[in-house]
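Asker: missing the sequence, but the structure's below:
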Ligand code: VGL
Ligand code: ZN
């Protein structure tokens, strides 16, 4: 068993990011068994859940004339427009049925403010609005994080970079992640994580 100063953070293993989902990531469902097995060796397990209102600003459908994967300017800067996904209370927002979500101590939801997307488990895309996860982990005395989940180049990447910036020791297990990989985003994410001192295992 790993020490109680460590946590496993499972990012967005939800139906909409798995094959058949609204924003399916290739092989997104292939990581579930490995993640379940990893949960057994951690004393702290946190799941994140992308959790958007239907009228969310990151959905292409809410911008006339725009298509998924266009990039627009929101108040906080550039934002990729996505197919509508992980709508609050929908089946697509549920965790993958095979994920052992019963093992989670904490489920943190993100992206619930209409005007701000939130890739990171720590800060929304304005880079200022906190999700509360840092306070939760700190108050449990956790300083070392292992990240897995979806998608490597978006939510896992942003979470890992924020965690490193907040002073956590951070490791990403790539075999338990899958990427969207649009326009070289996986290559860029791996470079950014390495630069920030995140261990890629
Ligand atoms: C994600 C795009 C939009 C992710 C979430 O989980 O990586 N990507 N919302
Ligand atoms: Zn989202």
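Answerer: Thanks, I have the structure now. What you are looking at is a predicted structure, and each value in this text was computed from that prediction instead of being measured. Numbering: from 1, shown residues only. Ligands and ions are numbered 1, 2, ... in the order given.
Asker: When you work out contacts or count neighbours from here on, use the C-alpha atoms and nothing else.
Answerer: OK.
Asker: Flag the shaky bits of the protein, pLDDT-wise.
Answerer: The model of the chain has no residue with pLDDT under 70.
Asker: Which residue lies nearest the spatial centre of it?
Answerer: Centroid-nearest residue in the chain: residue 155, 3.3 Å away (criterion: Cα atoms, centre = their mean).
Asker: And the nearest residue to that one once chain neighbours are set aside, how far from residue 1?
Answerer: Nearest non-adjacent residue to residue 155, counting by Cα to Cα, 6 or more residues apart in numbering: residue 119, 4.4 Å away. From residue 119 over to residue 1 the distance is 30 Å, taken as Cα to Cα, to the nearest Å.
Asker: Which residue of the two possesses the greater neighbour count?
Answerer: Remark: of residue 119 and residue 1, residue 119 carries more neighbours, 22 against 7, as counted by other Cα atoms under 10 Å.
Asker: So that one sits against residue 152, correct?
Answerer: No: counting by Cα atoms under 8 Å, residue 119 sits too far from residue 152 to count as a contact (10.8 Å).
Asker: Do I have it right that the residue nearest to the centre of the chain meets residue 122?
Answerer: No: in terms of Cα under 8 Å, residue 155 does not count as a neighbour of residue 122; the distance is 10.2 Å.
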